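K.L.:
how would this look folded up:
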Amino acid sequence: MKRTLLLLPLALASCGLFGTPSNYDVTGTLTGTPPTAGNVRLALLGASLGGVVNANVPQIDVSLGNRGVFGVDWPAAPAEGLYQVIAYVDTNSDRQYNSGEPRTHDNQKYLVYSRGGALADLVGLKAGWNLVNTSTTPFTVTQPGRVTGYDLNW
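P.N.:
I've put the predicted structure just below:
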C-alpha cells in the first residue's frame, strides 16, 4: 500500500463521550504536558498515511476523564477512509482543531473505515472498522471491535 499525502474528505456524523472509558469504541490515555496553555480537546479527524491532517473535517470534541483517560465512540454513519484521534490545545477557543494548533504526536495508529471489496482485501482491510498500525514493518491491520491502548503523548 503506497503511503500518500492525499487527503481524504470525510464527514463525521457523530461521536461522543458516554459512561466509563471501558465502554467506548476507542480508549486510551493522554500523557505528558501540553506545550502551551489553553483548553485541551480531543478530535476524531480525517487523516492520511503521511500524517497530514484534513482540518476541514467536522469534529466533535470530548472531555478527558481522570488521569488523562479518554474514550471516543465510532461515528454513527462514517464515511469510508482514514481517521485518527488526536488531542490538541484549542488556542483560539473555536472548539475544532485548526492547522498549527499544538497537538499530540502521531501515534502511527489509524482507524480505517472500509466497505470492503477487492482492493481493501488486498491490503488486509475488512468491511467495518480496522486498526492500521504503521509503526511496524510491515504494517499490521486488525479488526479489534473495540480499540484499547490508543495512547496519545504530547
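
K.L.:
Please make it C-alpha for all contacts and neighbour counts, starting now.
P.N.:
OK.

K.L.:
can I assume Val132 is in contact with Pro144?
P.N.:
No - between Val132 and Pro144 there is no contact under CA atoms under 8 Å: 10.5 Å.

K.L.:
So between the two, which is more surrounded?
P.N.:
Using other CA atoms under 10 Å as the criterion, Val132 and Pro144 rank with Val132 on top: 21 against 11.

K.L.:
What strands line up against the host helix or strand of that one, and which way round?
P.N.:
In this assignment (DSSP states H and E), Val132 forms part of strand 128-133. Applying DSSP bridges, strand 128-133 is found paired with strand 109-114 (antiparallel), strand 140-142 (antiparallel).

K.L.:
Tabulate those strands in CSV, adding columns for distance to Gly68 and mean neighbour count.
P.N.:
Shown next, in CSV, are the strands paired with strand 128-133 (distance: least, CA to CA, whole Å; neighbours: other CA atoms under 10 Å):
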stretch, distance to Gly68, mean neighbour count
strand 109-114, 19, 22
strand 140-142, 25, 16
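
K.L.:
to the chain's geometric centre, what's the distance from the helix or strand hosting Tyr88?
P.N.:
Assigning secondary structure by DSSP H and E places Tyr88 in strand 81-90. How far strand 81-90 lies from its chain's middle: 5 Å, per CA atoms, centre = their mean, to the nearest Å.

K.L.:
Please export the C-alpha coordinates of the strand holding Val132 as PDB.
P.N.:
Output of strand 128-133 as PDB, limited to C-alpha atoms (Å, rounded to 0.1, in the frame of the first residue of the first chain):
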ATOM      1  CA  GLY A 128     -16.200  -2.100   9.000                       C
ATOM      2  CA  TRP A 129     -13.600  -0.600  11.300                       C
ATOM      3  CA  ASN A 130      -9.900  -1.600  11.100                       C
ATOM      4  CA  LEU A 131      -6.900  -0.600  13.100                       C
ATOM      5  CA  VAL A 132      -3.800   0.000  11.000                       C
ATOM      6  CA  ASN A 133      -0.600   0.200  12.900                       C
END
